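K.L.:
Below are the sequence and a predicted model; questions follow.
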Amino acid sequence: MGLDSRILRSAYAGKRVLLTGHTGFKGGWLAIWLASLKADVTGFALAPNTEPSLFEDAGVADVCRHERGDVRDLDRLRRLVREVRPEVVFHLAAQPLVRLSYELPLETLESNTLGTAKLLEAIRLERQPCAVVVVTSDKCYENRERVQGYREDDALGGHDVYSMSKGAAELVVQSWRRSFFPPGRLADHGVAIATARAGNVIGGGDWARDRIVPDAIRALSAGYPVPVRKPGAIRPWQHVSEPLGGYLLLGAKLLGPDAPRYCEPWNFGPAPQSARPVAEVVQAAVEAWGSGSWSPSPQANAPHEAEVLRLSIDKAFARLGWWPRWGLREAVVRTVAWYRERERGARGKALRDLTEAQIVDYLQPGAEGKAA
């Protein structure tokens, strides 16, 4: 089955879903999407780490049960799993920034790696059957600056602490799956676990620092040139709807009769032609905004950042029927349109409705043609 709104609604309507990280950018979008599918969503996360935030702007707490807490707290996680009895778990809670990991290395490692282990341990100790999608990162791979996209069986690694923590989270999932939740014995324990690795995600509501699109929106709103650290760096750009649709499709597979076949790592990246230089993304954002400019802004003694990163999505296409629907240009236009509406004063239900409307458009038959 490919990505289809009817299939997703059938899979999630009425399901008890535990979503960690719902106060973040991707987590907020996923909470809104799950609520539109009539899932019973409980979100668990720290307070939003940006101001403004999608969580506050779009009133994400209005569409789910909001529980504040830290994924490093095993006792709290156990109580939550006991209370919610989730049928599906999406684990997105993390310290999500490469450059911040240089400032907070231990917190990054604890949140991203130990936090993942503690969530899986809470599920194990509470003996809770469920489908689990653990979201890591495209940066979990040992990046050798190669032109070819990384495949799911390529070596894990990481130059920086963030990347290492995501590679380590992959190993944590692999270990818990082999030790406690082997797919061949799913009938005994009931826990089907997969990991998901996405590309560089853009979309309305991201306000993180040191990410090019939020940086661009802040600069364009203020009327000054967008500073670009590495104009030539190539990244696998994609609209937030792309990986979230992949996570939902993967979760639906883990709920199905062939779940053991999908208890593996999966890449959800853009079409190959959407792996483009940063400068091209910024120029597209300037054009979509309707005014402004950008300028190279290299930083002396800056932390290491990869020059080239691409993902292979052949596996997701061949076995899930998943393929990107929006190309880079469409992704940028949709993203800038969201921020423009916010600048015009949209908040709460209006922004939530806009988010849902973009998801509906993304799911329309024929949207795949815009991936070119």
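P.N.:
That came through fine. What you see is a predicted model; the values in this text were computed from it and never measured.
K.L.:
okay, CA-based contacts and neighbour counts for the rest of this
P.N.:
Will do.
K.L.:
Output the host helix or strand of residue 247 as CSV - backbone C-alpha positions only.
P.N.:
Assigned by DSSP states H and E, residue 247 falls within helix 241-255. The C-alpha trace of helix 241-255 is given here as CSV (Å, rounded to 0.1, in the frame of the first residue of the first chain):
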residue,chain,number,x,y,z
SER,A,241,4.7,16.2,5.2
GLU,A,242,7.1,13.8,3.4
PRO,A,243,8.7,12.1,6.3
LEU,A,244,5.7,12.3,8.5
GLY,A,245,3.7,10.5,5.8
GLY,A,246,6.4,7.9,5.8
TYR,A,247,6.3,7.5,9.6
LEU,A,248,2.5,7.0,9.5
LEU,A,249,2.7,4.5,6.6
LEU,A,250,5.4,2.6,8.5
GLY,A,251,3.3,2.6,11.7
ALA,A,252,0.4,1.2,9.8
LYS,A,253,2.5,-1.6,8.5
LEU,A,254,3.7,-2.4,12.0
LEU,A,255,0.0,-2.6,13.1
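K.L.:
which helices and strands sit right next to that helix?
P.N.:
In terms of contacts (3 or more CA pairs under 8 Å, 6 or more residues apart in numbering; DSSP states H and E), helix 241-255 is packed against helix 5-12, strand 130-135, strand 191-198, strand 265-268.
K.L.:
Parallel or antiparallel, which strands does the third one pair with?
P.N.:
Strand partners for strand 191-198, identified by DSSP bridges, are recorded as strand 130-135 (parallel), strand 265-268 (parallel).
K.L.:
now it, how far from the centre of its chain.
P.N.:
12 Å (CA atoms, centre = their mean, to the nearest Å).
K.L.:
and if you look at the last one?
P.N.:
Taking CA atoms, centre = their mean, the mean C-alpha location of strand 265-268 is offset from the chain mean by 11 Å.
K.L.:
need the next SSE after it, C-terminal direction.
P.N.:
strand 275-277.
K.L.:
quick one: low-confidence parts of the stretch 151-300 of the chain?
P.N.:
Scanning the stretch 151-300 of the chain for pLDDT under 70 picks out 299-300.
K.L.:
residue contacts, residue 53?
P.N.:
24, 25, 205, 206, 207 (CA atoms under 8 Å, 6 or more residues apart in numbering).
K.L.:
Closest one of the residues you listed to residue 151?
P.N.:
residue 25 (25.8 Å; CA to CA).
K.L.:
wait, the closest one sits on residue 54?
P.N.:
Yes - using CA atoms under 8 Å, residue 25 makes contact with residue 54 at a distance of 6.1 Å.
K.L.:
list residues touching both of these two?
P.N.:
Joint contacts of residue 25 and residue 54 (CA under 8 Å, 6+ apart) are 205, 206.
K.L.:
returning to what we had before: mind putting the contacts of residue 53 into CSV with distance to residue 157, secondary structure and neighbour count?
P.N.:
Output for those, formatted as CSV (distance: CA to CA, whole Å; DSSP: H, G, I helix; E, B strand; the rest coil; neighbours: other CA atoms under 10 Å):
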residue, distance to residue 157, secondary structure, neighbour count
24, 25, coil, 28
25, 25, helix, 25
205, 30, coil, 25
206, 27, coil, 24
207, 27, coil, 20
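K.L.:
tell me which of these is nearest to residue 64?
P.N.:
residue 24 (13.9 Å).
K.L.:
which one is the closest one nearest to, not counting chain neighbours?
P.N.:
Spatial nearest neighbour of residue 24, chain neighbours left out: residue 48 (6.2 Å); criterion: CA to CA, 6 or more residues apart in numbering.
K.L.:
Next, the contact list for the one you found, please.
P.N.:
Contacts of residue 48 (CA under 8 Å, 6+ apart): 23, 24, 55.
K.L.:
pretty sure it belongs to a strand, no?
P.N.:
No - under DSSP: H, G, I helix; E, B strand; the rest coil, residue 48 falls outside any strand and is assigned coil.
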